[in-house]
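Peer 1: Give the three-dimensional model of this entry:
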Amino acid sequence: MNIFIIVTGIFLLGWNSPVEAKQFKTDCELVRALRQNGFPETQLRDWACLIFAESSRQTQLTHKNRNGSTDYGLFQINSKYWCGTGKKGGDCNVRCEDLLDDNIVDDSKCAKKIFKRHGFKAWYGWQSKCQGKALPNISQC
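Peer 2: All right, here's what the predicted structure looks like:
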């Protein structure tokens, strides 16, 4: 009986463990991940700037908006249009909560879909901090 209680306790602790998040420490670390996820080389400086402006390179970041929606993850993907809260949904057909972990594959696919429809102008962080401004130097990455 004691073994059952211990095993059950360990299982429940594992089940409720927090999401593994990622903080990209440098632009080069981020750029390597973006390359692995198929972002075009010609856009990497803009993506690196956008991500720093939106999330400071943190995958676990959320931001509540005035309209009641929430932005999630590295790319700050909005729950009103692109992801579903608690279940797969939105135009990217992903759970918003899945955009908060250290696996950026689903985030990247969704960000590229947003970009295909709206370009970088879909992100206010890019408009205010990157558009027409000096972009990160990634030549050594």
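
Peer 1: how about low-confidence regions in this structure?
Peer 2: By pLDDT under 70, the low-scoring segments of the chain are 1-19.

Peer 1: Report the central residue of it.
Peer 2: In the chain, the centroid-proximal residue (Cα atoms, centre = their mean) is residue 74; its distance is 2.7 Å.

Peer 1: Please look at that one and residue 58 and confirm they touch.
Peer 2: Yes: with the criterion set as Cβ atoms under 8 Å, residue 74 and residue 58 qualify as a contacting pair; they are 7.1 Å apart. (C-beta placed from N, C-alpha, C; glycine too.)

Peer 1: which residues touch the residue nearest to the centre of the chain?
Peer 2: Contact analysis of residue 74 by Cβ atoms under 8 Å, 6 or more residues apart in numbering lists 51, 54, 55, 57, 58, 59, 61, 99, 104, 107.

Peer 1: now swap in residue 99 and tell me
Peer 2: Residue 99 is in contact with 59, 72, 73, 74, 75, 77, 83, 106, 107, 110, counting by Cβ under 8 Å, 6+ apart.

Peer 1: Could you single out the nearest of those to residue 27?
Peer 2: The nearest member of the contacts of residue 99 to residue 27, counting by Cβ to Cβ, is residue 74 at 13.2 Å.

Peer 1: Please report how far that closest one lies from residue 55.
Peer 2: 5 Å (Cβ to Cβ, to the nearest Å).

Peer 1: any common contacting residues for those two?
Peer 2: Residues touching both residue 74 and residue 55 (Cβ under 8 Å, 6+ apart) are residue 61.
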